[in-house]
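Asks: any chance you can model this:
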Amino acid sequence: MSRDFDFNITKISFDEDYHPSESTRITTNFANLARGENRQENLRNALRMIDNRFNALAYWDNPKGDRYAVELDIISVEMSIGAESRNDAFPLIEILKTNIVDRRTGERIEGIAGNNFSSYVRDYDFSVVLPEHNRNRPEYSAPDDFGDLHGNLFKCFLNSDAYKAHFSKPPVICLSASSSKIYHRTDNQHPVLGVEYLQNEFSSTDEYFRKMGLQVRYFMPPNCVAPLAFYFLGDLLGDYTNLELISTISTMETFQKIYRPEIYNANSAAGACYQPSLKHQDYSLTRIVYDREERSRLAVEQGKFAEEHFIKPYKAILEQWSANYAA
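Replies: The predicted structure is shown next:
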């Protein structure tokens, strides 16, 4: 099935000189930081936060807390349908790839692909499909086939020769816990991932990622104040090294402190029974400028972009392909 679609992967370094490309979703965590008057200071501060957090977690044989640095690549995935030319390629997905630099030995250690997850089709699903579906409904719900196409496209990409040529392991995507769910602390504890939490029920994001073939576990790493959601294939605890996991935690916890300070930069840690809230008042701000209202508005614009340039033009092809792929 992967031969039906042609995937093209490009990468660009995410550093203090990063400028978003025209095809990058501008609501993406990393792209949002790289805009405006404070762009370079934002980037520099965010990267410093990531390095500091990595060294705090990778404390063994690291007495000064400066042994490691994290390098980030933005991975952009374009998709062409059938014999369509590259000029018609659609920007399908963007993820981050971590690499770890051991300053003591000079070694570069491969990290994890995934981390942040960005998708125009997901914007379409959540910002166009869901509001339209619920326009005149008394109770909020999702269509039965909600996320099916997106999930099949993602699984097709993971099974593609392009993915296998660039990445040696399946992705791990790390997101915020849902503010609509309640999480209960367990006795299970990992030296790097921290204390595991279990949710009372799956969130809409959990269900959406399940259709992408990913399962979820929630962990609160040491000195973090709220659990993070880790979406993965296989065995999260067994398939990745401690340094690989630390690269994801340090990167995504930093983004969450910037974008959801009410939860991840709160001044008190989650208890045994925890429900995140963006209305929480007892938190600290980072020194990084970010416009959350603009981000929400742009998500709608980008969902409409996907509808106009991808969903509508290829509707019949995509529906038939997705049905066959699922079968």
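
Asks: Leu278 - how many residues pack around it?
Replies: Close neighbours of Leu278, defined as other C-beta atoms under 10 Å, add up to 11. Every C-beta, even on glycine, is put in place using the N, C-alpha and C of the backbone.

Asks: so it makes contact with Pro261?
Replies: No. Taking contacts as C-beta atoms under 8 Å, Leu278 lies outside contact range of Pro261: 9.4 Å.

Asks: what touches both of these two?
Replies: By C-beta atoms under 8 Å, 6 or more residues apart in numbering, Leu278 and Pro261 have no common neighbours.

Asks: residue ranges for the strands of the stretch 201-327 of the chain, please.
Replies: Assigned by DSSP state E, counting those that start in this stretch, the strands in the stretch 201-327 of the chain fall at 215-220, 228-232, 273-274.

Asks: these: which one's closest to Leu92?
Replies: strand 228-232 (17.5 Å; C-beta to C-beta).

Asks: deepest-packed of the strands of the stretch 201-327 of the chain, please.
Replies: strand 228-232 (a mean of 23; mean count of other C-beta atoms under 10 Å).

Asks: please save the CA atoms from that one in CSV.
Replies: Listed next in CSV are the C-alpha coordinates belonging to strand 228-232 (Å, rounded to 0.1, in the frame of the first residue of the first chain):
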residue,chain,number,x,y,z
LEU,A,228,3.3,13.8,30.2
ALA,A,229,1.5,11.7,27.6
PHE,A,230,3.8,9.4,25.7
TYR,A,231,2.4,7.9,22.4
PHE,A,232,4.4,4.9,21.1
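
Asks: and that strand, which strands flank it?
Replies: Strand 228-232 has its sheet partners listed here by DSSP bridges as strand 172-176 (antiparallel), strand 215-220 (antiparallel).

Asks: show the low-confidence segments of the protein, by residue range.
Replies: 1-4, 20-37, 82-87, 289-296 (pLDDT under 70).

Asks: which residues does Ser180 contact?
Replies: Ser203.

Asks: out of the strands paired with strand 228-232, flag the one nearest Leu298.
Replies: Leu298 sits nearest to strand 172-176 of all the strands paired with strand 228-232, at 18.2 Å, using C-beta to C-beta.

Asks: starting at the chain centroid, how far to that closest one?
Replies: 5 Å (C-alpha atoms, centre = their mean, to the nearest Å).

Asks: after it comes which helix or strand?
Replies: Using DSSP states H and E, the next helix or strand after strand 172-176 towards the C-terminus is strand 183-190.

Asks: make JSON lines from the strands paired with strand 228-232 and add distance to Arg53 to it.
Replies: Conversion of those to JSON lines gives the following (distance: least, C-beta to C-beta, whole Å):
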{"stretch": "strand 172-176", "distance to Arg53": "13"}
{"stretch": "strand 215-220", "distance to Arg53": "14"}
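
Asks: any idea which of those gets closest to Asp17?
Replies: Closest approach to Asp17 among the strands paired with strand 228-232 is made by strand 172-176 (25.0 Å; C-beta to C-beta).
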